[in-house]
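Asker: I would like to see how this sequence folds:
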Amino acid sequence: MTRMVLTLILTLFASFLQADVLLIEQVREVGNLTVPVNGQTMSEVESAFGAPQSKAPPVGDPPISRWDYEDWSVYFEYDRVLFTVLDEGAIIHPETPDT
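Answerer: Numbers count the residues shown, from 1 in each chain. Purely as a prediction, here's the structure:
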């Protein structure tokens, strides 16, 4: 019984490690991806990245809103970027410089 429990624990632990590695690899792959940064205004984001696919209305106090793009979402407090989140499972192709 103890061996079965130990095997189950090790199997679960190994699956968590694999998930972390995959996430780290995805983050490394998008290192060259250009996304909005903290502090940018809504108008700066729209000017740089175009109109979002959808806009969620502000919620709460302070008002937090979300703009959704193809592979990521931008969260705003008032009109400033709080953070950008990559969509789960998004296939990201880092931008390559023109040659």
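Asker: Low-confidence ranges, the chain, go.
Answerer: 1-32, 89-99 (pLDDT under 70).
Asker: Can you spell out the domain ranges of it, please?
Answerer: Per automatic domain parsing, the domain ranges recorded for the chain read 1-32, 34-89.
Asker: Strands of this protein, start to end?
Answerer: Remark: strands assigned in the chain by DSSP state E are 54-59, 64-68, 72-77, 80-86.
Asker: So for Q40, which of those strands sits nearest?
Answerer: strand 80-86 (4.6 Å; C-beta to C-beta). Yep, even glycine has a C-beta here, placed from its N, CA and C like the rest.
Asker: angle of that closest one against strand 72-77?
Answerer: Angle of strand 80-86 versus strand 72-77, following axes from the mean of the first three to the mean of the last three C-alpha atoms, to 10 degrees, is 160 degrees.
Asker: buried stuff in strand 80-86?
Answerer: By 16 or more other C-beta atoms under 10 Å, the buried positions in strand 80-86 come out as 81-82, 84.
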